[in-house]
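In: Next come a sequence and a model predicted from it.
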Amino acid sequence: MLRRIRRTLAVLFLAAVTLLFLDFTGTVHAWLGWTARIQFLPALLALNVGVILGLLLLTLLFGRVYCSVICPLGVFQDLVAWLGGVRKKKKYRFSYSPAKSILRYAVLAVFVVAIVAGIGSLVALLAPYSAYGRIVQNLFAPLWGWGNNLLAYFAERADSYAFYETDVWLRSLPTFLIAAVTLAALVVLAWRNGRTYCNTICPVGTILSFFSRYALFRPTIDAEKCRNCTLCERRCKAACIDSKHHAIDYSRCVVCMDCIDVCKHDALHYEFRFRSHGAAAPEESGTAKAAAGSGERGSGLSRRRFLLGAGALVGTALVHAQEKKVDGGLAVIENKKVPKRQTPIVPPGAVGLRHLARHCTACQLCVAACPNGVLRPSTDPLRLMQPESSYERGYCRPECTKCSEVCPAGAILRITPAEKSAIQVGHAVWIRKNCVVLTDGVSCGNCARHCPTGAIQMVPSDPADPKSPQIPTVNTARCIGCGACENLCPARPFSAIYVEGHEEHSEI
């Protein structure tokens, strides 16, 4: 029963978090955005004390339930391990192995140093939620998009508008490759050895392991009833059950309940830690010898409390729609190229480069949620995979605050459209040699027409001749760096006007 409850909740959480990254309509976050905000690392970087204390309390009560129910990467590994067992027709293929403590604590130390030093790219590589987000955004989302486009194709021919076509494009090759390598490594480890990543590399798992040793409810082995059949040990994905000594390493146990489900002698129970039946005291390492004695199951109370604690974390489904930008024309239009910016542009609400670098987990949720094709992962080694703005496919519309709404880590602070219209993330720079007014001798003014703040004015190219072709001039004090001018400039392949970023944002 407990195993069935745990698996149901795990599937719901995995589906909810996955949908956050797959959704291109902007509807899912209104209902399921909280599933990203309760992930451990985003809550830690956002200084969300309530969520952090809640997860620690959950662990002290029930063990590492976070790893087996809430963490999408943990649940994904369980799914791969299950498929591996079905494929090999070997459900009982694992075995006990001692904890790799030196490796675990070394990775945790590197992780903590990276957070303190603001090395966001290293933090992002090790963080489980971020790793799963990159995998879904870079590898699964394109398949989802192509599937939608196929449905849109057939719907259009049936005179239906139930689906509409969406762009599928590669936002960053380095991030795509990192996601592919991460997925391959996780699949191999989980297929062969279950929860190897969680118990040797994952820093969140190591942090929670300190608290799970003292959990009030835990799986225990009744030594008198145990027949040493080793089924529980061979079914344990965390390799933490030593059936020979009737001991469980609670620092590595993820409370998956598989061991309880397979025990044929009623020797394994999930029960209150201090239940009195002559139990031996658990060792400091987290490996405890189970008690011998009472034949009562004693799982009624623990089951109810488990349901109350874990069941309080579940939710539901859907609301708003994404704008779609389409280019037109009878001739083939050359794609724009990214200008060389001295300072990258980061989204309004990010405060500046330093704040973003210190808080961003590079989970790609803002990139997935951006309806205008502006955000993409950085390729800068110091800010690898963190979001930056570029305006070849669209511009940052003043009314859109989607990235600030979905960020779970506080890297992009929540702002209103009114606040956004006053935030200066950069300023426009005019490149004379690229302007079609001077190169092609045509009248334009696109940049001035579409500037939402009126920061661009058209003036005569020859001050002495009021009738000379008009060129743009930029009032940098009024420019907010939205990129409308850069995106809508007809010059190809480089725009005649582009946005240079600011290290620290300011208000105009």
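Out: Thanks, I have it. Only a predicted model underlies this, so the values are computations on that prediction, with no experimental measurement involved.
In: what residue ranges in the protein are flagged as low confidence?
Out: For the chain, the stretches flagged by pLDDT under 70 are 87-89, 276-333.
In: Which residue ranges make up each domain of it?
Out: The chain resolves into domains spanning 2-311, 423-508 when parsed by automatic domain parsing.
In: Report the contact partners of the nearest residue to N199 once chain neighbours are set aside.
Out: Distances taken as CB to CB, 6 or more residues apart in numbering place R252 nearest to N199, at 4.6 Å, with adjacent residues excluded. C-betas here are computed from N, CA, C, even on glycine. When contacts are counted by CB atoms under 8 Å, 6 or more residues apart in numbering, R252 touches 99, 195, 199, 209, 238-240, 286.
In: can I get the domains of the chain in JSON lines with distance to R358?
Out: Below are the domains of the chain laid out as JSON lines (distance: least, CB to CB, whole Å):
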{"stretch": "domain 2-311", "distance to R358": "5"}
{"stretch": "domain 423-508", "distance to R358": "13"}
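In: Report the contact partners of the residue nearest to T18 when sequence neighbours are not counted.
Out: Once flanking residues are discounted, T18 sits nearest to V136: 5.6 Å by CB to CB, 6+ apart. V136 is in contact with 18, 21-22, counting by CB under 8 Å, 6+ apart.
In: circling back: distance check, the residue nearest to N199 against L41.
Out: Applying CB to CB, to the nearest Å, the value for R252 to L41 is 20 Å.
In: partner residues bridging G501?
Out: G426 (DSSP bridges).
In: who are the neighbours in contact with it?
Out: Neighbour list for G501: 341-346, 389, 425-426, 481 [criterion: CB under 8 Å, 6+ apart].
In: follow-up on the earlier one: most widely separated two among the contacts of R252?
Out: R195 and G286 (15.1 Å; CB to CB).
In: Just give the nearest non-adjacent residue to Q364, would you?
Out: Using CB to CB, 6+ apart, the closest residue to Q364 is Q137 (4.0 Å).
In: Let's verify the one you found: helix, strand, or coil?
Out: helix (DSSP: H, G, I helix; E, B strand; the rest coil).
In: Report how many residues lie close to it.
Out: Using other CB atoms under 10 Å, the number of residues around Q137 comes to 23.
In: quick one, what contacts it?
Out: Applying CB under 8 Å, 6+ apart, the residues near Q137 are 21, 179, 364-365, 367-368.
In: Just put the residues you listed in CSV and tack on neighbour count, distance to P452 and secondary structure.
Out: Output for the contacts of Q137, formatted as CSV (neighbours: other CB atoms under 10 Å; distance: CB to CB, whole Å; DSSP: H, G, I helix; E, B strand; the rest coil):
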residue, neighbour count, distance to P452, secondary structure
F21, 26, 30, helix
A179, 24, 35, helix
Q364, 29, 27, coil
L365, 28, 26, helix
V367, 28, 23, helix
A368, 23, 25, helix
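In: What is the nearest of those residues to C447?
Out: V367 (26.3 Å).
In: Give the burial count for the residue nearest to the closest one when sequence neighbours are not counted, as a bare number.
Out: Spatial nearest neighbour of V367, excluding adjacent residues (CB to CB, 6+ apart): L375 at 4.7 Å. Neighbour count of L375, defined by other CB under 10 Å: 25.
In: again, but for A185
Out: If you count neighbours by other CB under 10 Å, A185 ends up with 14.
In: in what helix or strand does it lie?
Out: Using DSSP states H and E, A185 sits in helix 173-193.
In: Can I get the strand or helix carrying A81 in CSV? Just the C-alpha atoms.
Out: Using DSSP H and E, A81 sits within helix 72-88. As requested, the backbone C-alpha atoms of helix 72-88 are provided in CSV (Å, rounded to 0.1, in the frame of the first residue of the first chain):
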residue,chain,number,x,y,z
PRO,A,72,12.2,14.7,-10.8
LEU,A,73,15.7,13.4,-11.5
GLY,A,74,15.3,10.8,-8.7
VAL,A,75,12.0,9.6,-10.0
PHE,A,76,13.3,9.5,-13.5
GLN,A,77,16.2,7.2,-12.4
ASP,A,78,13.6,4.9,-10.7
LEU,A,79,11.8,4.8,-14.0
VAL,A,80,14.9,3.8,-15.9
ALA,A,81,15.9,1.2,-13.2
TRP,A,82,12.4,-0.3,-13.5
LEU,A,83,12.7,-0.5,-17.3
GLY,A,84,16.1,-2.1,-16.9
GLY,A,85,14.6,-4.8,-14.7
VAL,A,86,11.7,-5.4,-17.0
ARG,A,87,14.0,-5.5,-20.1
LYS,A,88,16.4,-7.9,-18.4
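In: buried residues in the helix or strand just after that helix?
Out: Later in the chain than helix 72-88, the nearest helix or strand by DSSP H and E is helix 101-117. Within helix 101-117, the residues scored as buried using 16 or more other CB atoms under 10 Å are 104, 107-108, 111, 114-115.
In: In a markdown table: the residues you listed, plus distance to R93.
Out: Shown next, in a markdown table, are the buried residues of helix 101-117 (distance: CB to CB, whole Å):
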| residue | distance to R93 |
| --- | --- |
| R104 | 23 |
| V107 | 26 |
| L108 | 29 |
| F111 | 30 |
| A114 | 35 |
| I115 | 36 |
